[in-house]
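# could you look at this predicted model? Sequence included:
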Amino acid sequence: MADSTPTPNDPFSEANDALLDELLRQSLQGAADGQDARVERVIASLDDLPAIADAPAAAQAVRRRTMFYRLASLAAVVLIGLFVWGSAGGDAQATVLRCLEQATRFGVRCYQQTTVIQRPLVGDLERQSELYVDGANRFVIRRDAFRPGAQLWLGCDGEQCWLAPPRGPIILTDGPAMERWLERGAPDDPPLQLAGMLRRLSNHYDLQQLPDESIDTPAGEAACERIAGRVQDDAPLQLPATIELWADKHSGVARRMVLDWGLGPGDRGRSRVTIELAPTPELPDDWFEYSAHSDGRPVRRELP
């Protein structure tokens with residue numbers, strides 16, 4: 001009895017393998033797309049069956065049946081996987097990763113930040129800050145100091161971090177040292193970087209896709225995907241208990257983030273931070289360097 005197993009150079013075998021590869025590629029591409037779009041690509045791929053030439057009719061029939069069963073089995077696996085992936089928060093993860101990709105691209109954006117400090121005995125305190133970001137490693141944060149009219153600036157130019165206090169010399173240091181300084185500082189010190197917050201949201205939170213929501217912006221309403229994240233039990237300490245994200249449906253840019261530490265009624269400290277995308281003013285070229293905020297003051301380098 002002749003062996004009907006396709007040889008490595010069999011045109012049917014090559015076409016079959018190529019179609020299987022294409023089916024997987026179509027189903028997995030576009031992670032930020034909705035689940036329906038991915039399913040439609042899988043179904044469309046099934047309609048694109050390759051022609052089998054130069055084979056007897058009986059062999060063609062056998063091979064077509066074999067191909068159909070293989071494709072039907074693979075399609076079932078892929079489609080089930082898509083539904084399971086979507087129900088397990090895959091769409092939410094894709095949205096966060098798309099936001100993270102946008103946050104790491106160069107291009108200056110400005111965010112307004114409102115921090116609420118819970119003080120049970122004397123009443124809550126609300127502070128305003130500004131966050132400027134340019135890619136993953138360049139940022140500037142401005143916030144009001146405790147002395148009326150004074151400001152504190154801190155940032156990173158992509159190579160070194162710096163702190164410009166209301167008085168005294170400019171302090172140069174590295175990223176980890178800056179984070180340690182913030183941990184020792186006031187409870188309303190803002191998170192360092194938007195990309196870092198999104199990365200933590202992706203890695204240390206259980207995500208849930210909420211219904212889409214439009215938010216008001218200076219340019220009108222913006223349609224957003226909304227994601228809710230609850231911190232995992234094994235996550236590092238000091239992370240917010242919950243994070244909500246509003247991601248622009250068209251650009252993928254993070255338009256709003258709300259970080260909530262879930263403090264109890266008698267607890268004191270930073271309880272809630274709201275970050276909102278704002279119009280970006282015209283900035284000098286050296287905005288992310290300490291020299292733009294030093295006012296000619298001396299510089300002191302702090303070792304890590």
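Perfect, thanks for sending it.

# doesn't residue 207 make contact with residue 93?
Yes. If you go by C-beta atoms under 8 Å, residue 93 and residue 207 touch, sitting 5.8 Å apart. Where you see a C-beta, it was placed from the backbone N, CA and C, and this is true even at glycine.

# residue 99 falls within a helix, correct?
Yes. Counting by DSSP: H, G, I helix; E, B strand; the rest coil, residue 99 falls inside a helix.

# mind showing which ranges of the chain have poor pLDDT?
Filtered on pLDDT under 70, the chain yields the residue ranges 1-89, 146, 175, 177-193, 303-304.

# which residue ranges of it form helices?
Listed in chain order, the helices of the chain (DSSP state H) span 11-28, 35-46, 57-87, 90-103, 175-184, 194-204.

# mind giving me the domain split of this structure?
Domain segmentation of the chain under automatic domain parsing yields 11-88, 98-301.

# grab the nearest non-local neighbour of residue 284.
residue 292 (5.9 Å; C-beta to C-beta, 6 or more residues apart in numbering).

# so residue 298 sits against residue 167, correct?
No. Judged on C-beta under 8 Å, residue 298 makes no contact with residue 167 at a distance of 11.9 Å.

# quick check: chain neighbours aside, which residue is closest to residue 206?
Using C-beta to C-beta, 6+ apart, the closest residue to residue 206 is residue 230 (5.1 Å).

# ranges for the strands of the stretch 151-300 of the chain?
151-157, 161-164, 170-173, 205-217, 220-231, 242-248, 254-260, 269-278, 299-301 (DSSP state E, counting those that start in this stretch).

# and residue 126, which of these is closest to it?
Closest of the strands of the stretch 151-300 of the chain to residue 126 is strand 269-278, at 9.5 Å (criterion: C-beta to C-beta).

# ok so, going back, let's have the strands of the stretch 151-300 of the chain in CSV, adding distance to residue 142 and mean neighbour count.
Formatted as CSV, the strands of the stretch 151-300 of the chain follow (distance: least, C-beta to C-beta, whole Å; neighbours: other C-beta atoms under 10 Å):
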stretch, distance to residue 142, mean neighbour count
strand 151-157, 5, 21
strand 161-164, 9, 24
strand 170-173, 15, 19
strand 205-217, 21, 14
strand 220-231, 25, 18
strand 242-248, 23, 22
strand 254-260, 18, 22
strand 269-278, 12, 19
strand 299-301, 19, 12
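
# for residue 110, find the nearest of those.
Nearest to residue 110 among these is strand 269-278 (4.8 Å), distances taken as C-beta to C-beta.

# direction included, what does the closest one pair against?
Paired strands of strand 269-278, with direction, are strand 108-118 (antiparallel), strand 254-260 (antiparallel) (DSSP bridges).

# which among these is found nearest to residue 222?
Closest among the strands paired with strand 269-278, once you apply C-beta to C-beta, is strand 254-260, at 6.0 Å.

# got the CA positions of the closest one in PDB?
Output in PDB follows, covering the C-alpha atoms of strand 254-260 (Å, rounded to 0.1, in the frame of the first residue of the first chain):
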ATOM      1  CA  ALA A 254      -3.300  57.400  29.400                       C
ATOM      2  CA  ARG A 255      -5.700  60.300  29.900                       C
ATOM      3  CA  ARG A 256      -6.500  59.700  33.600                       C
ATOM      4  CA  MET A 257      -5.200  57.500  36.400                       C
ATOM      5  CA  VAL A 258      -6.600  57.300  39.900                       C
ATOM      6  CA  LEU A 259      -4.400  55.700  42.600                       C
ATOM      7  CA  ASP A 260      -6.100  54.800  45.900                       C
END
